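Student: I'd like to go over a predicted model; first the sequence, then the structure.
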Amino acid sequence: MGEGQKQLLAIIELGGYPNFVPLYERSGYQVTVVNSQRKARNFLKKQQPDVVVCEYNFQSDFRDRTSNIETLLAVLQKQPQTRLIVFYMPEHEHKLNQVRERFEIASVIPFPIDETKLETLLSS
């Protein structure tokens, strides 16, 4: 890990969009990619990245939450310096907004992802 290099954790559970790792690296980040919320939580126990990028996946069949990210958000509350960027399906925006009423999410970007907007968020 580069000394003083910014860290980004990319959580890619469903995918189906371009590989943004080159964009993250171009923006100056050391990138770690995981493919599950469990692996993300394990990573966050040891590291405090500058940015976490994840997908919001609405799931109506959970008993105690509405999506894949509530547990992640609870973990990130203990790391207030970590910014969260969430990708989401436009048809789930109202559900995501309900989550945003309870948790701090720095930025959200609807699919299809606007790479220029993503790059701007990462450099700010």
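Tutor: Great, that's in hand. Residues are numbered from 1 along each chain as shown.

Student: who's in contact with the closest residue to E115 other than its chain neighbours?
Tutor: With sequence-adjacent residues excluded and distances taken as Cβ to Cβ, 6 or more residues apart in numbering, E115 is closest to L23, at 6.3 Å. Where you see a C-beta, it was placed from the backbone N, CA and C, and this is true even at glycine. Residues in contact with L23 (Cβ atoms under 8 Å, 6 or more residues apart in numbering) are 115, 118-119, 122.

Student: buried set for whichever strand or helix holds L23?
Tutor: Assigned by DSSP states H and E, L23 belongs to helix 21-26. Burial within helix 21-26, assessed by neighbour count using 16 or more other Cβ atoms under 10 Å, is assigned to 23-24.

Student: hey, C-alpha coordinates of it in CSV?
Tutor: Below are the C-alpha coordinates for helix 21-26, written out as CSV (Å, rounded to 0.1, in the frame of the first residue of the first chain):
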residue,chain,number,x,y,z
VAL,A,21,-11.1,0.1,-11.0
PRO,A,22,-9.0,2.0,-13.7
LEU,A,23,-11.1,5.2,-13.0
TYR,A,24,-10.6,4.7,-9.2
GLU,A,25,-6.8,4.3,-9.7
ARG,A,26,-6.7,7.2,-12.1
